[in-house]
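> Below: sequence and its predicted model.
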Amino acid sequence: MTIRKRDDEVVFPNAAGIDVGASSHWAAVPRHLAEHAGCEPVCEFGAMTDDLHALADWLLACGVDTVALESTGVYWIPVYEVLEQRGLTVWLVDARQLKYVPGRKSDVLDCQWLQKLMSLGLLRGAFRPDDEVCVVRAVVRQREVLLTEQACWVQRMQKALVQMNLQLTEVLTDVMGMTGQAIIRDIVAGQRDPAVLAQHRHSRVKASVVDIQRALTGNWREEHLFVLAQSLAMYDSLAQRMAECDAKLQALLAPLGSHEANLSGPGKRAGKNTPAFDLRTALARWAGVDLTRINGLAITSVLTVLSEIGPDLRRFANVKHFCSWLGLCPGTKISGGKVLSARTRRSTNRVRQALKLAAMSLSRNRSALGAFYRRLCARMDKPRANTAVAHKLARMVYFMLTRGEAFVDQGQQKYEEQQRHRSIAALRRRAADLGFAITPVTAAAP
């Protein structure tokens, strides 16, 4: 017996589906709209800009008001932007929602099935922030790419030094710190005397001048010196590109937000890779709250969070939806009333990664969040504790952005005292259930 859905159960009667490809896109519209417009219900369009505008003209001529796109690499982005500019409501659909449907062996059937599911309201649109957030996000992601590339060239410099048996990493914590850079640049300039190179030692370096001289005594092979010079030049070039990104980011953040930057308390120490301008004030003006007040969240972490989701979280129904989108909620794999697995799903969400890195930094933090992290580590393994603390940080970020509340750290001592009272209350309830009573023992005077 075939079960058909009644016409009055159609949620989006004028919805279209588009199967996005690298060289062409297949679009499907409801049959009744195609007959009314006098065209075929399925059409193929190219990937050029004029083809995308022709696709938008065809959809508008058919009376389509909602379009479902299957997210395919980065090919969907031009289609999404053109259709949105033409006034159509575009839903970006996760391909995993359509992955296990049998019988779809061609692009024609794929777009028709996508259109059918969209018309019946069986698809969910992915989160895409506002256009101003997307612009900032592109620059921040480019900056992260440059940082990654820069780290790769630092590793190549370290390899060249080790091949010459210059054990600089044994005496310096950071090869590209003040002392390390001065030594490497002097080597590239032609200096080979270990005693002269060791004079670049900064007063805060723990290793002595003698140790640095011994580490800088090696075999100066020409091919390795050439690689070292090339790697340093690439490092400097990427640093210049980083400065250009920082200038662009400062210009983009300047007009965003009309809030007063309420920066209560001292700011956190800026890291080596933090932009040179006053990023904390710019982010506080944009978000309306200072997210860096949350323990563990550095300025660069807050930049990642706001550039990915923006300060407006009204797209999420509540905090549970927000944490679920981040992939920080326990799974619900249940069969026969038995929980088979409660693991969080795997995700490459950049906000999730930033929050998990922030949670790891709380291991020695003397705050309430730090005490909470250490208490969880005593009960479970560190990866699970890290995820749980990242979930707590995500809730704090959500409530600060939606309610405009300021974060106030209650302190490690107060948190531990609260946990002590809760443990005592739990022991009293347990004893009462067993028919006993707990009487506190007063310490005898010496």
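Yep, it's here.

> V351 and L326 touch, don't they?
Yes - V351 is in contact with L326 according to CB atoms under 8 Å; the separation is 5.8 Å. From N, CA and C alone the C-beta is placed, and that goes for glycine too.

> Give me the packing partners of the helix or strand hosting Q213, helices and strands only.
Element membership of Q213 [criterion: DSSP states H and E] is helix 209-215. If contacts are counted by 3 or more CB pairs under 8 Å, 6 or more residues apart in numbering; DSSP states H and E, helix 209-215 sits against helix 194-198.

> what helices or strands is the helix it packs on leaning on?
Secondary-structure packing of helix 194-198 (3+ CB pairs under 8 Å, 6+ apart): helix 178-189, helix 209-215.

> Now do the shared contacts for V351 and L326.
A394 (CB atoms under 8 Å, 6 or more residues apart in numbering).

> hang on, the earlier thing: residues making contact with the helix holding Q213?
Contacts for helix 209-215 (CB under 8 Å, 6+ apart): 166-168, 170-171, 194-195, 197-199, 201, 205, 207.

> Between these, identify the one with the most neighbours.
L166 (24 neighbours; other CB atoms under 10 Å).

> any idea whether that one is helix, strand or coil?
coil (DSSP: H, G, I helix; E, B strand; the rest coil).

> Who are the contact partners of it?
I187, A215, L216, G218.

> Ramachandran coordinates for it?
phi -100, psi 100 (degrees, to the nearest 10).

> Give me the pLDDT for D107.
For D107, the model assigns a pLDDT of 68.

> Over to W286?
pLDDT, W286: 92.

> What strand or helix carries A27?
Using DSSP H and E, A27 falls in strand 24-28.

> now A354
helix 350-360.

> what comes up buried for that helix?
Buried residues in helix 350-360, defined by neighbour count with 16 or more other CB atoms under 10 Å: R350, V351, R352, Q353, A354, L355, K356, L357, A358, A359.

> do stretch 392-407 as well
K392, L393, A394, M396, V397, Y398, F399, M400, L401, T402, F407.

> Show me how far that stretch is from its chain's centre.
17 Å (CA atoms, centre = their mean, to the nearest Å).

> Other residues contacting that stretch?
Against stretch 392-407 from outside (CB under 8 Å, 6+ apart): 262, 264, 287-291, 293-294, 296-297, 305, 311-314, 316, 319, 322-323, 326, 328, 351, 355, 358-359, 369, 372.

> so of these, which ones are in helices?
A287, V305, V319, F322, C323, L326, V351, L355, A358, A359, L369, F372 (DSSP state H).

> Can you tell me the closest non-neighbouring residue to the fourth one?
The spatially closest residue to F322, leaving aside those adjacent along the chain, is F316, at 4.3 Å (CB to CB, 6 or more residues apart in numbering).

> tally of neighbours for the one you found?
Each residue near F316 was counted by other CB under 10 Å, and the total is 18.

> dump the residue contacts of it.
F127, F322, W325, Y398.

> From the residues you listed, list just the buried residues.
Using 16+ other CB under 10 Å, the buried members of the contacts of F316 are F322, W325, Y398.

> quick one, phi/psi of the nearest residue to the second one once chain neighbours are set aside?
It stands for W325. Among residues not flanking W325 along the chain, F127 sits closest, at 6.2 Å (CB to CB, 6+ apart). Main-chain dihedrals, F127, degrees, to the nearest 10: phi -80, psi 130.

> shouldn't F127 be in contact with A317?
No - using CB under 8 Å, F127 is not in contact with A317, being 11.8 Å away.

> which residues in the stretch 201-350 of the chain form strands?
Secondary structure of the stretch 201-350 of the chain (DSSP state E, counting those that start in this stretch): strands at 333-335, 338-341.

> could those strands go into JSON lines alongside mean neighbour count and mean pLDDT?
Listed next are the strands of the stretch 201-350 of the chain as JSON lines, based on neighbours: other CB atoms under 10 Å; pLDDT from 0 to 100:
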{"stretch": "strand 333-335", "mean neighbour count": "10", "mean pLDDT": "77"}
{"stretch": "strand 338-341", "mean neighbour count": "10", "mean pLDDT": "78"}
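
> now those in JSON lines, with distance to D433?
Output for the strands of the stretch 201-350 of the chain, formatted as JSON lines (distance: least, CB to CB, whole Å):
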{"stretch": "strand 333-335", "distance to D433": "29"}
{"stretch": "strand 338-341", "distance to D433": "25"}
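
> before we move on, the earlier item: next, the residue nearest to F322: phi, psi?
phi -90, psi 130.

> Equivalent analysis for A276, please.
Torsion angles, degrees, to the nearest 10, at A276: phi -70, psi -30.

> one step back: closest to H224 out of the strands of the stretch 201-350 of the chain?
Smallest distance to H224 across the strands of the stretch 201-350 of the chain (CB to CB): 50.8 Å, for strand 338-341.

> Partner strands of the closest one and their direction?
When pairs are called by DSSP bridges, strand 338-341 turns out to pair with strand 333-335 (antiparallel).

> ok, and what's touching the strand it pairs with?
Contacts for strand 333-335 (CB under 8 Å, 6+ apart): V339, L340, S341, A342.

> Now do the contacts for the spatially most central residue of the chain.
Centroid check for the chain by CA atoms, centre = their mean gives R350 as the closest residue, at 1.5 Å. R350 makes contact with T304, E308, according to CB under 8 Å, 6+ apart.

> Local confidence estimate at V171?
So V171 comes in at 93 (pLDDT).

> That one: what's its closest spatial neighbour, skipping adjacent residues?
A207 is the one closest to V171 (CB to CB, 6+ apart), at 3.9 Å.
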